[in-house]
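Asker: All I have is the shape, not the residue letters:
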């Protein structure tokens with residue numbers, strides 16, 4: 001396995017010379033040895049492990065029986081699993097030098113600490129395995145647990161994968177007092193790959209968080225010159241950095257660039273609004289605020305109330321809170337929820353009646369949730385927001401989504417019914433009420449809600465297609481299904497090839513069920529040409545079977561199962577394939 005070469009090489013070079021017994025020399029006086037010891041201890045306490053080993057090793061070269069130097073070398077070499085053996089060697093030498101109870105107790109503590117460090121090394125290995133298995137959130141949580149105990153374990157990983165160092169840095173940032181180690185981990189990532197924009201983003205956010213916003217903005221500027229998706233993240237973070245500098249124009253400019261470069265969240269605009277109000281630019285703030293994209297009126301009002309509450313604090317407190325709010329929004333914009341969580345907790349504790357703060361806290365909690373208990377905890381926070389304001393629709397919408405995640409479709413339907421009462425003109429509310437009604441077996445109600453969603457949103461392809469499916473599967477009304485699928489296909493023409501392919505597939509399937517084989521063939525083959533999907537191959541196979549073309553049907557069934565062995569109609573496809581192949585064998589006999 002490759003390792004971080006620079007750090008390990010420096011450790012191993014210093015340690016190799018002192019692996020065996022060293023002859024005592026008299027080059028240094030006792031006073032000079034004491035000075036080296038103090039420098040070595042200070043370097044260790046400042047996390048400069050390389051320098052600590054250099055100073056302490058000079059002592060051992062001149063005074064092999066220096067108990068204190070051996071003890072601190074145990075601690076220094078324990079920072080990397082690749083030098084555990086050296087740590088163990090110095091522990092043994094310290095043990096041999098014990099002369100009193102105090103030294104005995106110190107060695108006992110060092111032994112316990114080294115054992116814990118070795119166990120943490122195994123936990124690091126587990127976190128890395130989780131990451132490589134694609135379980136990034138589990139890996140992040142495992143690293144956060146490590147960061148709380150031995151943060152340096154995450155600074156020098158047994159890997160040269162820069163993205164692992166970025167994940168480690170995020171874990172360090174999410175735990176108190178580990179900013180210095182987080183910076184080192186980000187620096188390791190950049191040393192391994194200068195194009196690692198996630199590391200550049202992390203260093204920039206840490207810089208503005210610790211007061212060096214100019215450095216942060218410089219790092220974000222470097223990111224903005226790239227052509228990847230990191231540009232939008234850079235603009236979101238730059239909006240926060242400008243806000244912390246009191247630069248409302250720069251904050252607003254970067255908020256607009258965020259949207260232009262592909263960002264889809266309102267957070268950068270909220271940052272700009274907050275800093276405008278903080279700088280007594282209320283008119284400009286209100287003008288911007290009224291046009292913040294993707295944020296509903298109820299959420300805007302609650303956010304404005306939060307800003308007013310912050311500005312009612314004394315000047316020092318309000319400036320600090322605007323700074324924290326800006327950082328929370330920046331973290332939310334780049335989906336770094338573990339960093340945003342403690343800020344939202346603090347804000348919601350200080351303003352416990354503000355529904356915006358509570359919903360942002362709940363949203364962050366739910367994003368990080370890995371089990372049912374954590375999701376239920378987030379739902380309780382949303383419920384608290386509803387107790388404060390029963391008409392706060394963002395909380396209702398989120399509660400419905402989380403209830404679906406928990407499999408509680410009855411409760412989800414209730415939330416969406418309440419949401420439809422509050423927002424009868426919301427296509428999304430009707431769509432999800434239709435979705436939960438379908439899950440609960442209320443097919444007529446589901447069709448009505450999907451149709452209402454399609455009526456309210458002229459581009460709602462999904463609502464039309466879901467309605468068409470239910471009309472086919474549960475009402476056998478193929479004519480109505482064809483009508484909706486045809487309309488969906490017409491809308492899809494102006495949206496995307498994939499949407500057009502899916503709509504054409506459903507239209508062809510509805511026409512097939514209606515008995516219009518020629519028209520069905522045209523739509524299904526068009527769909528296959530646009531986007532080969534297992535479901536469409538299955539539909540074409542059924543078409544060929546009904547057209548008395550078993551060879552073609554077998555060919556498309558085999559293609560369907562090769563593309564995806566677990567697509568929704570896979571069991572029917574396998575049965576039909578077995579049936580057609582059996583019939584073919586009997587015919588050949």
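Answerer: Okay, I see it. In this text, all values refer to a predicted model and were calculated from it rather than measured experimentally.
Asker: Can you name the residues that contact residue 161?
Answerer: If a contact means C-beta atoms under 8 Å, 6 or more residues apart in numbering, then residue 161 has residue 192 as its contacts. All C-beta atoms are positioned from the backbone trio N, CA, C, and that covers glycine.
Asker: Next one: it from residue 484, what distance?
Answerer: 48 Å (C-beta to C-beta, to the nearest Å).
Asker: Closest to the centroid, which residue in this structure?
Answerer: residue 335 (5.1 Å; C-alpha atoms, centre = their mean).
Asker: Over to that residue. Which of the three states is it?
Answerer: coil (DSSP: H, G, I helix; E, B strand; the rest coil).
Asker: what's the distance between it and residue 43?
Answerer: Counting by C-beta to C-beta, the gap from residue 335 to residue 43 is 37 Å.
Asker: do residue 250 as well
Answerer: From residue 250 across to residue 43, the span is 40 Å (C-beta to C-beta).
Asker: how does this protein divide into domains?
Answerer: According to automatic domain parsing, the chain comprises the domains 5-97, 424-429+437-528, 532-589.
Asker: I'd like the ones you listed as CSV, with mean neighbour count appended.
Answerer: Converted to CSV, the domains of the chain look like this (neighbours: other C-beta atoms under 10 Å):
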stretch, mean neighbour count
domain 5-97, 18
domain 424-429+437-528, 20
domain 532-589, 16
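Asker: mind listing the helices for the stretch 301-450 of the chain?
Answerer: 315-333, 337-350, 355-368, 372-388, 393-405, 409-422, 427-439, 443-456 (DSSP state H, counting those that start in this stretch).
Asker: Of these, give the one that comes closest to residue 137.
Answerer: Between residue 137 and the helices of the stretch 301-450 of the chain, the tightest spacing by C-beta to C-beta is seen for helix 355-368, at 7.4 Å.
Asker: re earlier: now the helices of the stretch 301-450 of the chain in JSON lines, with mean pLDDT and distance to residue 152?
Answerer: Listed next are the helices of the stretch 301-450 of the chain as JSON lines, based on pLDDT from 0 to 100; distance: least, C-beta to C-beta, whole Å:
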{"stretch": "helix 315-333", "mean pLDDT": "76", "distance to residue 152": "24"}
{"stretch": "helix 337-350", "mean pLDDT": "88", "distance to residue 152": "19"}
{"stretch": "helix 355-368", "mean pLDDT": "90", "distance to residue 152": "25"}
{"stretch": "helix 372-388", "mean pLDDT": "93", "distance to residue 152": "29"}
{"stretch": "helix 393-405", "mean pLDDT": "91", "distance to residue 152": "37"}
{"stretch": "helix 409-422", "mean pLDDT": "94", "distance to residue 152": "45"}
{"stretch": "helix 427-439", "mean pLDDT": "94", "distance to residue 152": "47"}
{"stretch": "helix 443-456", "mean pLDDT": "95", "distance to residue 152": "53"}
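Asker: now the domains of the chain in a markdown table, with distance to residue 181?
Answerer: Listed next are the domains of the chain as a markdown table, based on distance: least, C-beta to C-beta, whole Å:
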| stretch | distance to residue 181 |
| --- | --- |
| domain 5-97 | 7 |
| domain 424-429+437-528 | 43 |
| domain 532-589 | 43 |
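Asker: To residue 398, which of these lies closest?
Answerer: domain 424-429+437-528 (12.1 Å).
Asker: how long is that closest one from one end to the other?
Answerer: 38 Å (C-alpha to C-alpha, to the nearest Å).
Asker: Spatially nearest residue to residue 454, not counting backbone neighbours?
Answerer: In this structure, residue 454 finds its nearest non-sequential neighbour in residue 463, 4.1 Å apart by C-beta to C-beta, 6 or more residues apart in numbering.
Asker: Tell me, what's the model's pLDDT at that neighbour?
Answerer: As predicted, residue 463 sits at a pLDDT of 93.
Asker: tell me the contacts of it?
Answerer: 427, 430, 431, 434, 450, 451, 453, 454, 457.
Asker: In contact with the last one, which residues?
Answerer: Remark: with contacts taken as C-beta under 8 Å, 6+ apart, residue 457 is in contact with 427, 463.
Asker: State the pair within the contacts of residue 463 that is farthest apart.
Answerer: Pairwise over the contacts of residue 463, using C-beta to C-beta, the maximum falls at 434 and 457, 12.4 Å.
Asker: Residue 47: what secondary structure?
Answerer: With three-state DSSP as the criterion, residue 47 reads coil.
Asker: I'd like to know how far the nearest residue to it once chain neighbours are set aside sits from residue 491.
Answerer: Nearest non-adjacent residue to residue 47, counting by C-beta to C-beta, 6+ apart: residue 180, 6.2 Å away. For residue 180, the distance to residue 491 equals 54 Å [C-beta to C-beta].
Asker: average model confidence for stretch 490-500?
Answerer: 88.
Asker: Quick one: end-to-end distance for it.
Answerer: 8 Å.
Asker: how about the helices of the stretch 301-450 of the chain in CSV, adding distance to residue 586?
Answerer: Formatted as CSV, the helices of the stretch 301-450 of the chain follow (distance: least, C-beta to C-beta, whole Å):
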stretch, distance to residue 586
helix 315-333, 64
helix 337-350, 60
helix 355-368, 57
helix 372-388, 52
helix 393-405, 48
helix 409-422, 46
helix 427-439, 41
helix 443-456, 40
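Asker: With respect to residue 117, which of those helices lies nearest?
Answerer: The nearest among the helices of the stretch 301-450 of the chain, by C-beta to C-beta, is helix 337-350 at 23.9 Å.
Asker: which parts of that closest one are buried?
Answerer: 337, 338, 339, 340, 341, 343, 344, 347, 348, 350 (16 or more other C-beta atoms under 10 Å).
Asker: Have a look at the protein and report its longest helix.
Answerer: Counting residues, the longest helix found in the chain (DSSP state H) is helix 101-132.
Asker: helices and strands around that one, which ones?
Answerer: In terms of contacts (3 or more C-beta pairs under 8 Å, 6 or more residues apart in numbering; DSSP states H and E), helix 101-132 is packed against helix 67-77, helix 84-96, helix 136-149, helix 162-173.
Asker: export the ones you listed to TSV and tack on mean pLDDT and distance to residue 377?
Answerer: TSV is the format used below for those (pLDDT from 0 to 100; distance: least, C-beta to C-beta, whole Å):
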stretch	mean pLDDT	distance to residue 377
helix 67-77	87	38
helix 84-96	86	39
helix 136-149	84	15
helix 162-173	86	21
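Asker: Show me the shaky parts of the stretch 101-250 of the chain.
Answerer: 208-209, 211-214, 216-248 (pLDDT under 70).
Asker: how about a cut-off of 50?
Answerer: 227, 229 (pLDDT under 50).
Asker: tell me the SS of the residue nearest to residue 531 when sequence neighbours are not counted?
Answerer: Of all residues not flanking residue 531 in the chain, residue 501 sits nearest, at 3.5 Å (C-beta to C-beta, 6+ apart). The three-state label given to residue 501 by three-state DSSP is helix.
Asker: Residue 501 is in contact with residue 527, isn't it?
Answerer: Yes. Residue 501 lies in contact with residue 527 (C-beta atoms under 8 Å); the separation is 4.8 Å.
Asker: what is in contact with the two at once?
Answerer: Joint contacts of residue 501 and residue 527 (C-beta under 8 Å, 6+ apart) are 533, 536.
Asker: what's the closest of the contacts of residue 463 to residue 512?
Answerer: residue 450 (21.7 Å).
Asker: The closest one reaches residue 464, doesn't it?
Answerer: Yes. Under the criterion of C-beta under 8 Å, residue 450 makes contact with residue 464 at 7.5 Å.
Asker: isn't residue 130 right next to residue 138, touching?
Answerer: Yes. In terms of C-beta under 8 Å, residue 130 counts as a neighbour of residue 138; the distance is 4.7 Å.
Asker: measure the residue nearest to residue 454 to residue 550 for me?
Answerer: With C-beta to C-beta as the criterion, residue 463 and residue 550 are 37 Å apart.
Asker: again with residue 175
Answerer: 64 Å.
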